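> The amino acid sequence is not available; the structure is as follows:
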């Protein structure tokens, strides 16, 4: 990313969504570190050495690990697989850290489920003291926002029902976001199956800093809902998209987006929210494509038009796959 690009990103308000993530987590130069051997291997026993005796020869009079006889404090990620999702739950925020899904033309074409038969339910696989509850959302002013949308799992009633677990939810602004721009974004992801045979998507919340207008310092501040306050309200949400060409060892077109948890005008270009995957990784503490070789990577938004199509709610229900985003004229095979 060029210095000019970074300057442009840094100049945009944090409310724009992608700007804060890219500016804070992509623009920092990497600090050079010594090789592991130099930082972890004790020095020989020489005068003035910080290790007068090799560490492996020291018999410690204490055992901090003895704490584990009473239980491991954590953190613990509740890895949970359902028919349509795989997720890791963050017990501290009562939100998922990430939720992964897989959609194909065949999975979206199947219509074996009806949303009206599904109900929001608490996830009993999460310990009661850490899970989000229905009462946490009651009169909170926020929607129970699907991370993996129900429309992506209509191939099975059981699969669709499982998307209504609260472990697949985060508090989302309703008007202008969850029921509008975010829904158009989910529709864009489904339309990618008209150009690719396999789409994998990871979705999750972010809690990003904003510059305090009074003292100029960067601070993280977010609401917590529930009584007592239990569920954190994310400041932003991300999606990382893997569009696979369907060939063994084939190419994967990648894109990452960060959107603010706020009302977004429908005419806002989707690519305004595109960020490097590394920016999402730095912001979330997660890794998404560490094992994907560079030679297999392509940029999704250079292959297709990354744009949302605005439809009202009833139109979206009638045509969930919609029109293909369309291959770019400059697309390379």
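Structure's in. What do you need? Since the model is a prediction, treat every value here as computed from it, not as a measurement.
> pretty sure residue 327 is touching residue 304, no?
Yes. Here residue 327 lies in contact with residue 304, judged by C-beta atoms under 8 Å, at a distance of 5.8 Å. Using the backbone N, CA and C atoms, a C-beta is placed for each residue, glycine as well.
> which residues are common contacts for those two?
residue 195 (C-beta atoms under 8 Å, 6 or more residues apart in numbering).
> Compare these two and say which is more crowded by neighbours.
residue 304 (22 against 12; other C-beta atoms under 10 Å).
> What's the local residue count around the spatially closest residue to the more buried one that is not a sequence neighbour?
Once flanking residues are discounted, residue 304 sits nearest to residue 325: 4.4 Å by C-beta to C-beta, 6 or more residues apart in numbering. Using other C-beta under 10 Å, the number of residues around residue 325 comes to 22.
> same check, this time on residue 87
25.
> Confirm it sits in a strand?
Yes. Per DSSP: H, G, I helix; E, B strand; the rest coil, residue 87 lies within a strand segment.
> which ones are touching it?
By C-beta under 8 Å, 6+ apart, residue 87 lies in contact with 79, 80, 81, 96, 97, 98, 99, 100, 147, 167, 168.
> Where does pLDDT dip in the stretch 201-333 of the chain?
Applying pLDDT under 70 to the stretch 201-333 of the chain flags residues 312-322, 329-333.
> And the strands in it?
For the stretch 201-333 of the chain, applying DSSP state E, counting those that start in this stretch gives strands covering 210-211, 218-219, 224-225, 231-232, 236-244, 252-260, 274-275, 297-299.
> Please apply the same query to the stretch 1-150 of the chain.
Under DSSP E, counting those that start in this stretch, the stretch 1-150 of the chain gives strands at 77-81, 86-90, 95-103, 143-146.
> if we look at stretch 281-294, which residues are touching it?
So stretch 281-294 is contacted by 21, 24-26, 97-98, 202, 204, 206, 208, 238, 240, 242, 252, 254, 256, 258, 277, 280, 297 (C-beta under 8 Å, 6+ apart).
> ignore the last one, stretch 157-165
Contacts of stretch 157-165 (C-beta under 8 Å, 6+ apart): 82-85, 112-115, 117-123, 146, 148-150, 152-154, 168.
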